[in-house]
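Asks: can you look at this prediction? I've put the sequence above it.
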Amino acid sequence: MNKKIQFQLSLMMFLEFFIWGGWFVSLGTFLGHNLDASAGQSAQAFSTQSWGAIIAPFIIGLIADRYFNAERILGILHLVGAVLMYQMAGTTDFTAFYPYVLGYMILYMPTLALVNSVAFNQMKDPAKEFSFVRVFGTIGWIIAGVLISRIFHWDSPEGVENGMLKNTFLMTAVASGILGIFSFTLPKTPPKVAKGEKVTLSDVLGLEALKLLKDKNFLMFFISSVLICIPLAFYYQNTHPFLTEVGLQNPTEKMAFGQASEVLFMLLLPFFFKRFGFKKTILAGMLAWTVRYLLFAYGDSGETAFMLIIGIALHGLCYDFFFVSGQIYTDTKAGAKYKSAAQGLITLATYGVGMLIGFWVAGEITDKYLQADGSHSWENIWVFPAVFALGVMIFFIILFKNEKVEYKNA
């Protein structure tokens, strides 16, 4: 891969995840302070990510893979997304906001697959080359948080009070417009499916991979993957409002520590996987969920602020050791025939169904512990996902029989 193409792909990844990190992290705080949204309404807004994940396979499988170059549809989706982002910035109530965010996430979630498709199409050895391109996405997410907290101070107490978080949508709209235009200059990535070749609904949704559920071990992993998304939803939906409410300085920037830790734990994963095996690796990820939420429950912005920082930094361990390990396990169980279908099914089940349930549960629990003065009993809120994650871990320990899983990159 020549330097020009590497630069193009790296910039594409940077903008793709700058866009996501530029508004999604602080969304909960924006909804509560700018739109006076309840936790239940916030759950609806965050659930649009799940609806986007559910609908994305149709856009990719039935449209992008059959009729259009990936880079062109990527450009169109981001240009339309820029318009929707601009509209979100101008809303003053949740009723007007929701259709825009739903439309946006239905358009954005397919772009996650499209940027990968564009990148992989230019690589001779993705196993070696992709990480050097994808890391710029993580950098983009982190820089978005630094801009919001450190440069513009939109998430400061004064900024939140004055409604400045609406500027995150304007910033994202500009970035989305830039990526939309830039996408048309990316290397050509033609449709994967030849003209005349039939693509069934089963192919698009990866339903052929349902045969894997006959394997008891894979079934237990599948159920655990869906269930662990419930505590994951608590993190996405509640962490920023929680940090803002307890008075932690620069919360958006500090939440970017979670993305930075992803890079660290991704580097540690091969060694841990090889030394301890799949079951212990995934259990370490599950245990980290419980530890993280207990740190949130009993930490504060004063003397125990370090507990909140550690809880955020555990995101890499939580995510990489569970979800990335799970992708490796799914890949080995599926084999060549069902490999793509199995990954698609897991994504649909977790980011689609699992997170959809999780956001609803998070909204119900958060509203339950809303206090008369408008604050929340965060200790009770965070104990719930901590105990839930512990329950999933115990379920997995008892019902998943240890088996050898080879990590090819280890």
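Replies: It's in.

Asks: name the helices or strands packed onto the top helix by length along the chain?
Replies: Under DSSP state H, the helix in the chain containing the largest number of residues is helix 251-298. Under the contact criterion of 3 or more C-beta pairs under 8 Å, 6 or more residues apart in numbering; DSSP states H and E, the helices and strands touching helix 251-298 comprise helix 126-146, helix 216-246, helix 305-313, helix 315-319, helix 325-347, helix 378-399. C-beta: built from backbone N, CA, C; applies to glycine.

Asks: repeat the analysis, applying 10 Å as the threshold.
Replies: Using 3 or more C-beta pairs under 10 Å, 6 or more residues apart in numbering; DSSP states H and E, the elements in contact with helix 251-298 are helix 3-21, helix 126-146, helix 216-246, helix 305-313, helix 315-319, helix 325-347, helix 378-399.

Asks: could you identify which of these is most buried?
Replies: With neighbours defined by mean count of other C-beta atoms under 10 Å, none of these is more surrounded on average than helix 315-319, at a mean of 24.

Asks: and it, C-alpha only, in PDB?
Replies: Output of helix 315-319 as PDB, limited to C-alpha atoms (Å, rounded to 0.1, in the frame of the first residue of the first chain):
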ATOM      1  CA  HIS A 315     -13.100   0.300  29.200                       C
ATOM      2  CA  GLY A 316     -10.300  -1.300  27.100                       C
ATOM      3  CA  LEU A 317     -10.200  -4.400  29.300                       C
ATOM      4  CA  CYS A 318     -14.000  -4.700  29.300                       C
ATOM      5  CA  TYR A 319     -14.300  -4.300  25.600                       C
END
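
Asks: could you list every helix and strand in contact with it?
Replies: Helices and strands touching helix 315-319, by 3+ C-beta pairs under 10 Å, 6+ apart, are helix 216-246, helix 251-298.

Asks: adding mean pLDDT and distance to Glu161, write these out as a markdown table.
Replies: Rendered in a markdown table, the data for those read as follows (pLDDT from 0 to 100; distance: least, C-beta to C-beta, whole Å):
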| stretch | mean pLDDT | distance to Glu161 |
| --- | --- | --- |
| helix 216-246 | 95 | 11 |
| helix 251-298 | 92 | 14 |
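
Asks: so which of those is nearest Phe7?
Replies: Proximity of the helices and strands packed on helix 315-319 to Phe7 was assessed by C-beta to C-beta; the nearest stretch is helix 251-298, lying at 20.1 Å.

Asks: chain center to the closest one, what's the gap?
Replies: Here the centre of helix 251-298 is set off from its chain's centre by 15 Å, with C-alpha atoms, centre = their mean, to the nearest Å.

Asks: try stretch 12-26
Replies: Mean C-alpha position of stretch 12-26 versus that of the full chain (C-alpha atoms, centre = their mean) differs by 11 Å.

Asks: can you give me the mean pLDDT across it?
Replies: The average pLDDT within stretch 12-26 is 97.

Asks: thinking again about what came up before, turn the helices and strands packed on helix 315-319 into CSV, columns for distance to Leu317.
Replies: Formatted as CSV, these follow (distance: least, C-beta to C-beta, whole Å):
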stretch, distance to Leu317
helix 216-246, 13
helix 251-298, 4
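
Asks: coming back round to it: next, the angle helix 305-313 makes with the longest helix of the chain.
Replies: Direction vectors for helix 251-298 and helix 305-313, defined by axes from the mean of the first three to the mean of the last three C-alpha atoms, to 10 degrees, enclose an angle of 110 degrees.

Asks: next, the angle helix 325-347 makes with helix 251-298.
Replies: Counting by the same axes, to 10 degrees, helix 251-298 points 100 degrees away from the direction of helix 325-347.

Asks: can we start the residue count at 27 from this point?
Replies: Noted, 27 is the first residue going forward, which turns the last one into helix 277-324.

Asks: relative to helix 29-47, how tilted is helix 277-324?
Replies: Between helix 277-324 and helix 29-47, the angle formed by their directions is 50 degrees, by the same axes, to 10 degrees.

Asks: between helix 277-324 and helix 242-272, how many degrees?
Replies: For helix 277-324 and helix 242-272, the angle between their directions (the same axes, to 10 degrees) works out to 110 degrees.

Asks: helix 404-425 and helix 277-324, what's the angle between them?
Replies: Interaxial angle, helix 277-324 versus helix 404-425 (the same axes, to 10 degrees): 80 degrees.

Asks: of all the helices and strands packed on helix 341-345, which lies closest to Met38?
Replies: Closest approach to Met38 among these is made by helix 277-324 (17.6 Å; C-beta to C-beta).

Asks: quick one: distance of stretch 107-120 to the chain centre.
Replies: Between the centre of stretch 107-120 and the centre of its chain there are 21 Å (C-alpha atoms, centre = their mean).

Asks: right, I mislabeled it, should have said stretch 350-362
Replies: On C-alpha atoms, centre = their mean, the centre of stretch 350-362 falls 19 Å from that of its chain.

Asks: burial count for Lys214?
Replies: 11 (other C-beta atoms under 10 Å).

Asks: typed the wrong thing, it's Leu313
Replies: By the measure other C-beta under 10 Å, the count of residues near Leu313 is 17.

Asks: any idea how far Lys427 is from it?
Replies: In this view, Leu313 and Lys427 are 19 Å apart by C-beta to C-beta, to the nearest Å.

Asks: format the helices and strands packed on helix 277-324 as JSON lines; extra columns: distance to Ile85.
Replies: Below are the helices and strands packed on helix 277-324 laid out as JSON lines (distance: least, C-beta to C-beta, whole Å):
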{"stretch": "helix 29-47", "distance to Ile85": "16"}
{"stretch": "helix 152-172", "distance to Ile85": "20"}
{"stretch": "helix 242-272", "distance to Ile85": "22"}
{"stretch": "helix 331-339", "distance to Ile85": "32"}
{"stretch": "helix 341-345", "distance to Ile85": "25"}
{"stretch": "helix 351-373", "distance to Ile85": "13"}
{"stretch": "helix 404-425", "distance to Ile85": "31"}
